[in-house]
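>>> here is a sequence together with a model predicted from it:
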Amino acid sequence: MVVAGQLTQEQTELLFAHLPIGIGFSVADEEDVVRFWAGDSFSSCSPKLIGRTLFGGHPKRAHAAIKSLLADLKSGRKNEVDTIEHGKNGPERIIYTALRDADGTYRGVLETVVPIDEAGSANGLAIG
């Protein structure tokens with residue numbers, strides 16, 4: 001994917017507010033600190049988690065699994081981990097994607113949450 005140009009904070013917020021699919025996401029840096037959040041589909045996440053560790057937005061029972069998937073992403077064993085979880089509003093597809101710079105260095109993680117409707121559709125995103 002080619003990305004070019006610059007957007008202001010307001011333009012960025014408008015972009016995310018008007019995406020034609022219902023997703024929520026957060027971005028954590030290489031130290032697992034949440035730096036950005038957008039959307040309203042997360043079960044337990046909110047903008048108040050910005051500046052806190054990624055673990056603050058997940059229940060304690062999930063910490064070991066998240067620690068393991070982060071180790072896989074950071075080491076390069078995996079570039080993406082895709083799961084289906086049950087959120088407060090029903091099933092959600094959660095995708096953890098390693099963010100790497102041009103040299104392949106791990107720079108953080110993108111956690112995307114997509115609600116799944118009764119028909120099994122994840123708002124137009126293929127499941128699996």
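Ah, there it is. Numbering: from 1, shown residues only.

>>> all contacts plus neighbour counts: C-alpha atoms, from now on.
Fine.

>>> residue contacts, the residue nearest the centre of the chain?
By CA atoms, centre = their mean, the chain has its centre lying nearest to Glu111, at 1.3 Å. By CA atoms under 8 Å, 6 or more residues apart in numbering, Glu111 lies in contact with Phe25, Ser26, Val27, Ile94, Ile95, Tyr96, Thr97.

>>> would you say Arg61 is within a helix?
Yes: secondary structure of Arg61 (DSSP: H, G, I helix; E, B strand; the rest coil): part of a helix.

>>> ok, so what distance separates it from Phe55?
Applying CA to CA, to the nearest Å, the value for Arg61 to Phe55 is 10 Å.

>>> and what about the residue nearest to the centre of the chain, helix, strand or coil?
Glu111 ends up strand, using three-state DSSP.

>>> looking at it now. What's its pLDDT?
At Glu111, the model reports a pLDDT of 90.

>>> ditto for the one 4 residues further on
pLDDT recorded at Pro115 is 82.

>>> ok, it touching His86?
No: in this structure, Pro115 is not within contact of His86 by CA atoms under 8 Å, at 9.4 Å.

>>> what touches both of those two?
Glu92.

>>> looking at these two, which has the bigger crowd around it?
For the pair Pro115 and His86, the greater number of neighbours falls to Pro115 (25 against 13), based on other CA atoms under 10 Å.

>>> what's the first helix or strand after whichever strand or helix holds Glu13?
If you go by DSSP states H and E, Glu13 is part of helix 9-17. Downstream of helix 9-17, the first helix or strand assigned by DSSP H and E is strand 24-29.

>>> appreciated, that's everything.
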